[in-house]
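Asks: got a sequence here, can you model it:
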Amino acid sequence: MKKGRVTIIDIARELSIAPSTVSRALKDHPALKKETKDAVRALAKKLDYQPNLLALNLLQKKSNTIGVIVPEITSHFFSAIITGIQDVIGDSEYNIMICLSNESYEEEAVIIKKLLKIQVDGVLVSPTSETKNFDHFRTLQKNDIPVVVFDRDCPGLEADKVLVDDYAGAFQAVEYLIKSGCTKIAHLGGPLNLSTTKHRLQGYLDALENADIPIRKEYIEHVPGFSHDDGLKPAERLLKLEDLPDAIFAMNDNIAISAMHIARKMALKIPDDISIVGFDDEPHSSYFRPSLSTVWQPVYSLGMLSARIILHRLNDKGPQKNFRQEVFKPELVLRASSRECASRKNDKVKL
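Replies: The predicted structure is shown next:
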């Protein structure tokens, strides 16, 4: 027997039968004798035969692969989503291929082209903060490759979507700050192109308007990215205003923690001088001192549902229509970085 990967031809030669007979025996073809099938299986096990899935996929004109495109993978947010996806896909015939766009529209477009070349069967995508044109996603759909958009919306793109109610989360967070006595609430928002940024900003604005609190442009800063470093200078600008805010609602926990860092450098007491609330409920947020009030998102469930929808599309051979839009409700988690109000009874307030 030759060294290297064992093939059907090697097994056939060893048993003096046709390769087609080996193939049928491995598939338990009813027309073959039991003795033949047993002999083939025994030799295949002895030689550690592994089927060539690439060749099989080429014959079937499918790759049994689902592409997962995310902006980054270092945060708990996206790693938890990917875990949810894998826990569902892992029980199916499909494999996942994780692709990082690094918040770059150009990289995202290149990834789509590569996935098309390898005949990927479906795509799960959270678009980049630069993505304004969705034609590359439509190209996938034109090639009968289903697309599920998760976390970040693509307005105008007809596709299955799994999102979180960012507006409701932001509104509830700011409403709570108002009820706790804050009247000068600032906002550290994300990149303006993102749907999540727009929805959280609108929730902030509407909560202020609902309470008849004037909206002050100088209290709104937008960060270029989502890391701690991205939030430092915008937070410093807010906390150097002559009329200092008494609260900050931040786009995410990293940015909120940046604001906490600047506040401590300026000898401001949290929450006595300023309350700070984030968004995402990253695992480390509860371990800061003071612990961070934030908005929790069901990210693992978001990943699982996205995976279930793509599997449903792949099993449904009909035309893509009646697209689903599923929206999860977040929860406000109250900790030590925000003032308490008289009505506070629990550490977690459901929206």
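Asks: who's in contact with the nearest residue to T196 once chain neighbours are set aside?
Replies: Distances taken as C-beta to C-beta, 6 or more residues apart in numbering place D166 nearest to T196, at 5.0 Å, with adjacent residues excluded. All C-beta spots, glycine's among them, are computed from the backbone N, C-alpha and C. Applying C-beta atoms under 8 Å, 6 or more residues apart in numbering, we find D166 in contact with S195, T196, H199, R200, G203, F279, P330.
Asks: and the gap between D166 and R200?
Replies: To R200, D166 is 5 Å away according to C-beta to C-beta, to the nearest Å.
Asks: of the contacts of D166, which belong to strands?
Replies: Assigned to strands by DSSP state E, none of those qualify.
Asks: so which two of those residues are the farthest from each other?
Replies: S195 and P330 (14.8 Å; C-beta to C-beta).
Asks: mind listing what's buried in stretch 235-253?
Replies: Judged by neighbour count using 16 or more other C-beta atoms under 10 Å, the buried positions of stretch 235-253 are 235-236, 238-239, 245-253.
Asks: could I get those residues as JSON lines with pLDDT and secondary structure?
Replies: Listed next are the buried residues of stretch 235-253 as JSON lines, based on pLDDT from 0 to 100; DSSP: H, G, I helix; E, B strand; the rest coil:
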{"residue": "A235", "pLDDT": "98", "secondary structure": "helix"}
{"residue": "E236", "pLDDT": "98", "secondary structure": "helix"}
{"residue": "L238", "pLDDT": "98", "secondary structure": "helix"}
{"residue": "L239", "pLDDT": "97", "secondary structure": "helix"}
{"residue": "P245", "pLDDT": "98", "secondary structure": "coil"}
{"residue": "D246", "pLDDT": "98", "secondary structure": "coil"}
{"residue": "A247", "pLDDT": "98", "secondary structure": "strand"}
{"residue": "I248", "pLDDT": "98", "secondary structure": "strand"}
{"residue": "F249", "pLDDT": "98", "secondary structure": "strand"}
{"residue": "A250", "pLDDT": "98", "secondary structure": "strand"}
{"residue": "M251", "pLDDT": "97", "secondary structure": "coil"}
{"residue": "N252", "pLDDT": "96", "secondary structure": "coil"}
{"residue": "D253", "pLDDT": "97", "secondary structure": "helix"}
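Asks: near the residue lying closest to G303 once chain neighbours are set aside, how many other residues are there?
Replies: Once flanking residues are discounted, G303 sits nearest to G84: 2.6 Å by C-beta to C-beta, 6+ apart. G84 is flanked by 22 other residues according to other C-beta atoms under 10 Å.
Asks: for L192, same thing?
Replies: Around L192 there are 10 residues (other C-beta under 10 Å).
Asks: can I assume it sits in a strand?
Replies: No - counting by DSSP: H, G, I helix; E, B strand; the rest coil, L192 is not part of a strand but coil.
Asks: any idea how far it lies from Q202?
Replies: 12 Å.
Asks: thinking again about what came up before, between S195 and P330, tell me which one has more neighbours.
Replies: P330 (23 against 16).
Asks: can you list contacts of the host helix or strand of V22?
Replies: For V22, the host element (DSSP states H and E) is helix 19-26. The contact list for helix 19-26 (C-beta under 8 Å, 6+ apart) reads 8-9, 11-12, 15, 31-32, 36-37, 39-41, 44, 51.
Asks: what are the ranges of the strands in the stretch 1-150 of the chain?
Replies: 65-70, 95-100, 122-125, 147-150 (DSSP state E, counting those that start in this stretch).
Asks: parallel or antiparallel, which strands does the third one pair with?
Replies: So the one you mean is strand 122-125. The strands beside strand 122-125 in its sheet (DSSP bridges) come out as strand 65-70 (parallel), strand 147-150 (parallel).
Asks: convert the C-alpha atoms of that strand to CSV, please.
Replies: C-alpha atoms of strand 122-125 as CSV (Å, rounded to 0.1, in the frame of the first residue of the first chain):
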residue,chain,number,x,y,z
GLY,A,122,-24.5,30.8,2.8
VAL,A,123,-23.2,33.9,4.5
LEU,A,124,-23.8,35.4,8.0
VAL,A,125,-22.6,39.0,8.2
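Asks: show residues contacting it.
Replies: Contacts for strand 122-125 (C-beta under 8 Å, 6+ apart): 66-70, 85, 94, 108, 112, 115, 137, 140, 145-150, 306-307, 310, 313-314.
Asks: could you report the separation of D165 from L188?
Replies: 20 Å.
Asks: brain fart, I118
Replies: For I118, the distance to L188 - C-beta to C-beta - is 40 Å.
Asks: higher neighbour count, those two?
Replies: It is L188, of I118 and L188, that has more neighbours when counted by other C-beta under 10 Å, with 26 against 11.
Asks: pretty sure I213 contacts I185?
Replies: Yes - in terms of C-beta atoms under 8 Å, I213 counts as a neighbour of I185; the distance is 7.4 Å.
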